[in-house]
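**Student:** mind folding the following:
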Amino acid sequence: MNSTEQAPTSSYRAIVVGAGIAGLAAAFRLKQAGYQVTVYEAGQRIGGRMSTERRDGHVMDLAATATSTKYREMIALAHAAGIGDKIVGSSDMVGIPLRGEVQRIRSGTLTDLLTTKLLPISAKLMAAPLLIDARRVAKKSKWYDLGAAGDVDVETAAEWVARRGHPEIDAAVFNALMRGAYLASSTTMSVLDLHFLINGFFGVDLFTFAGGLGTLPEALAAHVDTRLGAKVTQVLAAGSGVRVSVIEGDAAERTESADVCVIAVPAPLMTEIYPQLPAEHRAIAANADYVPLMTVKLLTDGRPEEKAMFLALPERESRELGALFLEHVKYADRSPEGKGQVGCFWDGRWNANEWETDDDVIVDKSIGAAEEYLPGLENMVEGSQVIRWRHGVLNSRPGSYRDLHMLAVAEDSADRVFLAGDYFGGPSVNAALCSGEKAAQRIVSKHRSGS
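**Tutor:** Predicted coordinates for the structure are as follows:
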């Protein structure tokens with residue numbers, strides 16, 4: 001959808017539930033098309049897992065941190081929102097420990113896989129066919145419907161690599177990258193998530209936004225009526241429109257009417273507020289599992305010597321700590337000169353076990369674990385923050401996306417209530433964004449056709 005497309009009349013009203021990137025993408029595109037749009041967000045942040053907080057000169061991306069130039073839809077949306085000049089190149093250096101030494105590869109340079117010490121020669125010879133096969137699968141799938149390639153969704157990532165390539169490729173590389181990206185194991189996640197990772201981040205450059213990844217959702221929200229601290233309790237199709245119950249701040253619950261509603265929250269929350277979801281679709285959405293996410297930010301006086309932007313830790317290296325992001329390496333504006341910022345990401349199982357643990361204890365454990373890979377870090381830390389996301393990262397299993405494809409197909413015939421979120425296209429902010437844009441396209445097409 002582009003800015004020249006207009007709905008038949010601006011009298012149409014849309015309500016969007018959720019101010020994450022999926023909801024805001026839908027809201028922005030509907031606003032462009034002439035709709036009156038209100039976005040309700042239960043929390044106090046714009047952007048959801050694509051949000052950014054600024055503190056003491058640091059720019060802290062609170063969940064999502066790496067974005068690929070394959071995210072063409074995100075780049076196009078940024079230009080449409082008037083912030084194309086905020087798109088800047090990012091470091092693409094990834095470090096993976098091997099026998100006490102960090103091996104570094106660049107995501108934008110496939111030849112690094114040929115020269116790295118991470119893989120024996122036998123594994124390197126098998127890597128090229130795997131990449132080619134992943135490219136083939138990518139032609140079937142869509143950002144807003146990863147399950148369109150559901151015929152492949154029959155095994156775990158580790159099983160696919162072992163069957164098609166060399167087990168060491170998973171143990172040394174893919175396992176590390178999937179834990180860093182998804183906080184879960186290649187031995188349990190669907191192979192489709194690995195295909196996404198290969199196609200989205202191998203052989204391509206990375207980018208970010210000056211001022212943080214939250215720059216994009218903040219720009220989108222500026223174009224629409226976005227209300228924080230407004231919890232939607234129920235969405236019902238009624239008559240020719242929808243009725244949305246909302247509690248805003250300390251006010252009593254009220255019910256509003258609109259022509260359409262986009263529900264753009266994690267699948268478990270969607271099922272709670274949308275009782276009219278058909279039973280077969282409810283069962284599918286209920287099986288969309290999320291691992292909890294705790295982002296631990298360590299602000300430092302000084303910078304560790306590590307030059308990689310991202311340290312990905314395979315399970316054979318660490319079964320608990322999944323990844324370390326050196327944000328000051330990612331882009332220059334993330335920390336003041338001479339200061340540093342390290343993001344610690346733990347395995348989703350660890351997050352679940354430690355969910356009720358006090359922040360101070362989480363920080364201490366994070367510093368201790370990170371010190372092994374960033375010597376001297378513990379003497380540099382001068383500030384910290386722990387951010388918790390109960391529905392953090394979509395945690396697939398073989399067959400998950402094949403089932404979700406049924407829900408995605410059903411959305412093509414949605415009438416008044418439309419769904420959006422990363423559970424359609426995998427744990428990616430671009431997938432969430434595309435699902436939001438797709439919902440907006442369906443709404444506009446519906447009204448144009450007069451249905």
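
**Student:** OK, contacts around S245?
**Tutor:** By Cβ atoms under 8 Å, 6 or more residues apart in numbering, the residues touching S245 are 232-235, 253-255. For every residue, glycine as well, the C-beta is placed using N, CA and C.

**Student:** hmm, which of the residues you listed are the buried ones?
**Tutor:** 232, 235 (16 or more other Cβ atoms under 10 Å).

**Student:** I'd like the contacts of S245 as TSV, with pLDDT, secondary structure and distance to G376 appended.
**Tutor:** Listed next are these as TSV, based on pLDDT from 0 to 100; DSSP: H, G, I helix; E, B strand; the rest coil; distance: Cβ to Cβ, whole Å:
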residue	pLDDT	secondary structure	distance to G376
V232	98	strand	47
T233	98	strand	50
Q234	98	strand	53
V235	98	strand	52
E253	97	coil	53
R254	97	strand	55
T255	97	strand	57
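
**Student:** residue contacts, I21?
**Tutor:** Residues counted as contacts of I21 (Cβ under 8 Å, 6+ apart) are 47-50, 216-217, 429, 432-433, 436.

**Student:** now E382, nearest residue through space, not along the chain?
**Tutor:** In space, and not counting its chain neighbours, E382 is closest to D301: 4.7 Å by Cβ to Cβ, 6 or more residues apart in numbering.

**Student:** gap between that neighbour and V173?
**Tutor:** Look at D301 and V173: by Cβ to Cβ, to the nearest Å, they are 34 Å apart.

**Student:** of the two, give the one with the bigger neighbour count.
**Tutor:** V173 (25 against 13; other Cβ atoms under 10 Å).

**Student:** go ahead and confirm the more buried one touches L118.
**Tutor:** Yes. The pair V173 and L118 qualifies as a contact (Cβ atoms under 8 Å) at a distance of 5.8 Å.

**Student:** overlap in contacts of these two?
**Tutor:** With Cβ under 8 Å, 6+ apart, V173 and L118 have common neighbours I96.

**Student:** element containing D422, please.
**Tutor:** For D422, there is no enclosing helix or strand under DSSP states H and E.

**Student:** ok, and what's touching the lowest-mean-pLDDT helix or strand in the chain?
**Tutor:** Ranked by mean pLDDT, DSSP states H and E, the helix or strand of the chain with the weakest confidence is helix 112-115, at a mean of 80. Contacting residues not belonging to helix 112-115 are listed as 104-106, 119, 124, 127, 173 [Cβ under 8 Å, 6+ apart].

**Student:** what's the lowest-pLDDT member of those?
**Tutor:** Ranked by pLDDT, the contacts of helix 112-115 bottom out at A127, which scores 79.

**Student:** now for the helix or strand encompassing it, which elements pack on it?
**Tutor:** If you go by DSSP H and E, A127 is part of helix 121-138. Applying 3 or more Cβ pairs under 8 Å, 6 or more residues apart in numbering; DSSP states H and E, we find helix 121-138 packed against helix 112-115, helix 157-164, helix 167-169, helix 191-201.

**Student:** after the longest one, next one along is what?
**Tutor:** Proceeding N to C from helix 191-201, the next assigned helix or strand is strand 206-209, under DSSP H and E.

**Student:** in its sheet, what does that following strand sit against?
**Tutor:** When sheet partners are counted by DSSP bridges, strand 206-209 sits next to strand 67-68 (antiparallel), strand 87-90 (antiparallel).

**Student:** can you say which of those is packed in most?
**Tutor:** Using mean count of other Cβ atoms under 10 Å, the stretch among the strands paired with strand 206-209 with the largest mean neighbour count is strand 67-68, at a mean of 23.

**Student:** helices along the stretch 351-451 of the chain, start to end?
**Tutor:** Taking DSSP state H, counting those that start in this stretch to define them, one finds helices in the stretch 351-451 of the chain at 359-371, 400-410, 429-449.
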